[in-house]
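*Asks:* Let's see this in three dimensions:
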Amino acid sequence: MSRRDRERDGSRDGGRKRGAGSPVTVTVCRGCCCGTEAKHPGVDHAGQYERLRTAVGSAGRVRAVTCLDVCTQSNVVVVGPSSEGRAAGGRPVWLGFVLMDEMIDDIAAWVHAGGPGLADPPGLLDLQLISVSRRVREGLPE
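*Replies:* Presented below is the predicted three-dimensional model:
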């Protein structure tokens, strides 16, 4: 159970002040393997990215990067904590094989709930967790 779940005060956002500090950041790999028809035929990569941006809205920030260097587990998405989430112990969470719309919806719901450090990943996102090397983790652009 996350700290946010334990301390929930009954309001929708747990009393969190929007706009204070940095927001939850969702980094979507869209490079050599992730986001390509060649590796994942039949997946609407551009549509999923837009769906995620729309669903997250002003609750967080969604950005695409060229390559996160975890090509064997594409499509890769990293959910980074907000300032508040980081202060509560949240760290970036790497998700692999993000190929279904339901996963996109779960990521957006997690951002709206506060993200890493403030809320547990919803749905089946815990099954998408991947481990990456420190070299790869540290290479994620700010």
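
*Asks:* Around residue 77, how many other residues sit close by?
*Replies:* 26 (other Cβ atoms under 10 Å). Just so you know, the C-beta spots here come from the backbone N, C-alpha and C atoms, and that holds for glycine as well.

*Asks:* start the count at 180, not 1, going forward
*Replies:* Shifting the count to begin at 180 puts that one at residue 256.

*Asks:* which SS class is the residue lying closest to residue 300 once chain neighbours are set aside?
*Replies:* Leaving aside its sequence neighbours, residue 300 sits nearest to residue 289 (Cβ to Cβ, 6 or more residues apart in numbering; 5.4 Å). Classification of residue 289 using DSSP: H, G, I helix; E, B strand; the rest coil returns helix.

*Asks:* pLDDT wise, what is residue 195 at?
*Replies:* pLDDT for residue 195: 42.

*Asks:* er, residue 284 I mean
*Replies:* pLDDT recorded at residue 284 is 96.
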